[in-house]
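Peer 1: Sharing a model that was predicted from the sequence below.
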Amino acid sequence: MGVAPRERSIEYLRVKIGDVEVIPLSDGAFRLDGGAMFGIVPKPAWEKRISADAQNRIRLALRPILVRTRGTCLLMDTGIGEKHDARFGELYGIESAPRLAASLAGAGVRPEDVTHVTFTHLHFDHAGGATRWGRAPAPDRPGEAVPVFPRARHLVQKQEWEAATAPDPRSRGSYRTMDFEPLARAGLLDLVDGDVEIVPGVRLRVTSGHTRAHQGLEVKSGGETAFYFGDLIPTAAHLDAPWVMGYDLDPANVSRLKERLVAQAEAERWIVILDHDPGAGCGRVRRDGRRYVLEPLGA
Ligand SMILES: [Zn+2]
């Protein structure tokens, strides 16, 4: 495993896992309600780990990852994208710099180079960057969204697709059809069911709980393991099993699964990548007294 020095203005690491390169990207940052991010954990406790703004929101990274092998250029998650209006931008405190396209360019990748786009789940902060306005909305007509990655196969869990296209009332605000329906219309969508090895060593792993078929991405090569947890563990403050989000569909399941995976990550020295962590978001898990912490790579 080697870690290159941080690059110029866009901050990213290139992590080598055997023959596979994993690069944490950025689509800027946004803000969500601190209470909702920590479920049953009381504010005096979570505030010691992450501070809240005047509206009780906490600042979160949007951190998709790029996974490269010989012949494959895979993107896991696409950030929040650019299709929102000013009101939505304000509500979620969206900071669109650097955008995903700039972050990818910094890693030497053009949108047409991407061979696979995969999603932890289809909430707007993960699928928003998969489409852009081909025609922006105007007062007299709706907008039309088109795929951003024209040559990529877009892999979505079948149950996640069903949940996103016919959402339950509680999830309706988190799914926007403009983020993913254009992928199906363009013939770029592949529905998958369960764990899938995309290329040797790179595997989608279903980790239900946040949504019905939420998935993580595991990279195993040359005796090393990297794991992208998606919203199972959004920030380092969520490493401890009881620290689960109010947004989770099945918090008890998230908690159980997390307890097992984090213990395994520590024992086997996985490199873990956390999608919304406002800090480094990439490192190794270590037990520190009664809690887990993330020790950043390349720090
Ligand atoms: Zn999220």
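Peer 2: Done, it's in. Note that the structure is a prediction, hence the values are computed from the model and not measured.
Peer 1: alpha carbons only for contacts and neighbour counts from here, please
Peer 2: OK.
Peer 1: Tell me, how many residues neighbour G173?
Peer 2: For G173, the count of nearby residues is 11 (other CA atoms under 10 Å).
Peer 1: And it, how far from L232?
Peer 2: Per CA to CA, to the nearest Å, G173 is found 19 Å from L232.
Peer 1: same check, this time on V244
Peer 2: 8 Å.
Peer 1: can you give me the helices in the stretch 51-200 of the chain?
Peer 2: Taking DSSP state H, counting those that start in this stretch as the criterion, the stretch 51-200 of the chain contains helices spanning 86-91, 100-106, 124-127, 158-165, 177-185.
Peer 1: closest to G143 out of those?
Peer 2: helix 177-185 (9.1 Å; CA to CA).
Peer 1: by contact count, what packs against that closest one?
Peer 2: Secondary-structure packing of helix 177-185 (3 or more CA pairs under 8 Å, 6 or more residues apart in numbering; DSSP states H and E): helix 124-127, strand 131-135, strand 144-147.
Peer 1: That helix vs strand 131-135, what angle?
Peer 2: 90 degrees (axes from the mean of the first three to the mean of the last three CA atoms, to 10 degrees).
Peer 1: in helix 177-185, what's buried?
Peer 2: By 16 or more other CA atoms under 10 Å, the buried positions in helix 177-185 come out as 177-183.
Peer 1: I'd like to know which of those is nearest to V20.
Peer 2: L183 (27.0 Å).
Peer 1: picking that back up, any idea which of the buried residues of helix 177-185 is closest to R141?
Peer 2: Closest approach to R141 among the buried residues of helix 177-185 (CA to CA): M178, at 14.7 Å.
Peer 1: doesn't T131 make contact with that closest one?
Peer 2: Yes. Under the criterion of CA atoms under 8 Å, M178 is in contact with T131, at a separation of 7.5 Å.
Peer 1: Between those two, which contacts overlap?
Peer 2: A145 (CA atoms under 8 Å, 6 or more residues apart in numbering).
Peer 1: what residues are up against the closest residue to R110 other than its chain neighbours?
Peer 2: Computed as CA to CA, 6 or more residues apart in numbering, the closest residue to R110 that is not its neighbour in sequence is L104, at 6.8 Å. Contacts were defined as CA under 8 Å, 6+ apart; by that measure L104 touches 25, 110-111.
Peer 1: next one: L204
Peer 2: L204 touches 195-198, 215-218, counting by CA under 8 Å, 6+ apart.
Peer 1: And the residue nearest to it when sequence neighbours are not counted, how far from R135?
Peer 2: Of all residues not flanking L204 in the chain, L217 sits nearest, at 4.7 Å (CA to CA, 6+ apart). Distance from L217 to R135, counting by CA to CA: 33 Å.
Peer 1: which one of those two has more residues nearby?
Peer 2: Neighbour count, other CA under 10 Å: between L217 and R135, L217 has more, with 25 against 12.
Peer 1: which element is that one on?
Peer 2: Here L217 sits within strand 215-221, counting by DSSP states H and E.
Peer 1: Can you name the next helix or strand after that strand?
Peer 2: Past strand 215-221, the next helix or strand by DSSP H and E is strand 224-228.
Peer 1: And the contacts of L204, which is closest to T115?
Peer 2: Once CA to CA is applied, the member of the contacts of L204 that ends up nearest T115 is I198, at 11.0 Å.
Peer 1: Counting neighbours, what do you get for the closest one?
Peer 2: 13.
Peer 1: Give the closest residue to it in space, chain neighbours not counted.
Peer 2: Nearest one to I198, counting by CA to CA, 6+ apart, is L204 at 7.5 Å.
Peer 1: so the one you found bridges to which residues?
Peer 2: Going by DSSP bridges, L204 is paired in beta bridges with V196, L217.
Peer 1: still on that earlier bit, wait, the residue nearest to L204 touches F229, no?
Peer 2: Yes. Between L217 and F229 there is a contact under CA under 8 Å: 6.9 Å.
Peer 1: In this protein, where's the longest helix?
Peer 2: Ordering each helix of the chain by length in residues (DSSP state H) puts helix 251-267 first.
Peer 1: From V146, how far off is the closest residue to L189 other than its chain neighbours?
Peer 2: Closest residue in space to L189, ignoring its immediate chain neighbours: H154 at 4.8 Å, by CA to CA, 6+ apart. Using CA to CA, we find H154 at a distance of 13 Å from V146.
Peer 1: overlap in contacts of those two?
Peer 2: L183.
Peer 1: Could you check which of these two has the larger neighbour count?
Peer 2: Neighbours per residue (other CA under 10 Å) separate H154 from V146, with H154 holding more: 24 against 21.
Peer 1: any idea how far H238 is from the more buried one?
Peer 2: In terms of CA to CA, H154 sits 28 Å off from H238.
Peer 1: cool, L257 as well?
Peer 2: As judged by CA to CA, L257 and H238 stand 13 Å apart.
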